[in-house]
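Q: 3D model of this:
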Amino acid sequence: MINRKLIRIKTVQVAYSCCLNDVRRPEDGENILLSSLGTAYDLYNTMLTLMVEISRLGLRAHEAQSSRARRLGLSEPSRKFVDNRFMLQLESNRQLQDNRMNQRLDWTNEEEFVRTLYNKVVDSDFYREYMDSGEDSYDEDRELWRKVYRYIIVDNDSIDELLEDVNIFWNDDRHIIDTFVLKTINRFTKDVDDSYPLLPEFRDGEDLEFARKLILQAMNGSDYYRSLISQNTRNWDMERVPLMDRVIMQVALAEITSCPTIPLSVSINEYIEIAKSYSTPNSARYINATLDNISKKLIAERKLIKNA
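A: Presented below is the predicted three-dimensional model:
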């Protein structure tokens, strides 16, 4: 689940933090990075669990409404929402249940907050369309929760504020994690059982190795990369270059010089995008020009060889 885009972002964040806090041992940087990536996976499970808690609150509301209807001799409300087949699968998923034991945010302690989300669901047009529909299919059940996540949970400022209180980096991770939650919803089918695997923390061992290699290379070679940046910073005192720009270029050069199978253009473009989100308005253009100049010089000196 944790892809290389997120690994690059987290590596820049960790390298920046290490600079600010004078953390110099590469092994410490590696441990911080792996812990940070672990919290991103925790967020993935936390957001899946949020949907489960919304559903459970809906079940309690349905039970209260049914009890009242029986007392008054009225027809009991529809069970369509509480018997949603996709949600029953997600709630019973053993991997999600196991992961829940280690989550930093327990939604059961945030009942009033979850209630506001449930009320938004019930007040939505797509919920009313679902409940009034004559259709009874697994696809419709799954599509309801895709809409709940897409239109109620994604880009919700109240959720962002709550998440930031738990982990200040979670809001940086939200956009990427949201795409993986939606991907997970779409992967479920009517035939899966409680052993169905959620997305793994890492797609494979190569991505985990990439993460370790990137932070270790960035910190071990920090003096070398800073020297390259300084030599190619035209008419600029290095101290005038924002620290974040220097760190982004340091991590970028670590990838460029240690990952021969990753095309040069791919690496540079990835860090330009990081600069657009995490540094000054002019940083992306400056970083692009500097990395391009350094790369051309290293290639000319046969110090940089790319296989792709």
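Q: all contacts plus neighbour counts: C-alpha atoms, from now on.
A: Will do.
Q: residues contacting residue 51?
A: Neighbour list for residue 51: 145, 149 [criterion: C-alpha atoms under 8 Å, 6 or more residues apart in numbering].
Q: Which helix or strand contains it?
A: In this assignment (DSSP states H and E), residue 51 forms part of helix 26-72.
Q: Surely residue 96 is in contact with residue 45?
A: Yes. If you go by C-alpha atoms under 8 Å, residue 96 and residue 45 touch, sitting 6.7 Å apart.
Q: about what we covered before: which element follows the helix holding residue 51 toward the C-terminus?
A: Assignment by DSSP H and E places the next element after helix 26-72 at helix 85-92.
Q: So what angle separates the directions of that next one and helix 26-72?
A: Here helix 85-92 points in a direction 120 degrees away from that of helix 26-72 (axes from the mean of the first three to the mean of the last three C-alpha atoms, to 10 degrees).
Q: What about the residue lying closest to residue 159 once chain neighbours are set aside, how many residues nearby?
A: In this structure, residue 159 finds its nearest non-sequential neighbour in residue 153, 7.4 Å apart by C-alpha to C-alpha, 6 or more residues apart in numbering. Residues contacting residue 153 under the criterion other C-alpha atoms under 10 Å number 20.
Q: before we move on, what about residue 79?
A: 13.
Q: cool, and residue 16?
A: Neighbours around residue 16, by other C-alpha under 10 Å: 20.
Q: Report the backbone C-alpha coordinates of the strand or helix carrying residue 184 in PDB.
A: If you go by DSSP H and E, residue 184 is part of helix 170-187. What follows is helix 170-187, C-alpha atoms only, in PDB (Å, rounded to 0.1, in the frame of the first residue of the first chain):
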ATOM      1  CA  TRP A 170      -1.500  12.400   9.200                       C
ATOM      2  CA  ASN A 171      -3.000  15.300   7.300                       C
ATOM      3  CA  ASP A 172       0.000  15.200   5.000                       C
ATOM      4  CA  ASP A 173      -0.800  11.500   4.400                       C
ATOM      5  CA  ARG A 174      -4.600  11.900   3.900                       C
ATOM      6  CA  HIS A 175      -4.700  12.400   0.200                       C
ATOM      7  CA  ILE A 176      -2.700   9.300  -0.600                       C
ATOM      8  CA  ILE A 177      -4.300   7.200   2.100                       C
ATOM      9  CA  ASP A 178      -7.800   8.200   0.900                       C
ATOM     10  CA  THR A 179      -7.000   6.800  -2.600                       C
ATOM     11  CA  PHE A 180      -6.000   3.500  -1.000                       C
ATOM     12  CA  VAL A 181      -9.100   3.300   1.100                       C
ATOM     13  CA  LEU A 182     -11.300   3.900  -2.100                       C
ATOM     14  CA  LYS A 183      -9.200   1.300  -3.900                       C
ATOM     15  CA  THR A 184      -9.800  -1.200  -1.100                       C
ATOM     16  CA  ILE A 185     -13.600  -0.600  -1.300                       C
ATOM     17  CA  ASN A 186     -13.500  -1.200  -5.000                       C
ATOM     18  CA  ARG A 187     -11.500  -4.500  -4.600                       C
END
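Q: Does anything pack onto that helix? Which helices or strands?
A: Counting contacts by 3 or more C-alpha pairs under 8 Å, 6 or more residues apart in numbering; DSSP states H and E, helix 170-187 packs against helix 26-72, helix 138-148, helix 157-166.
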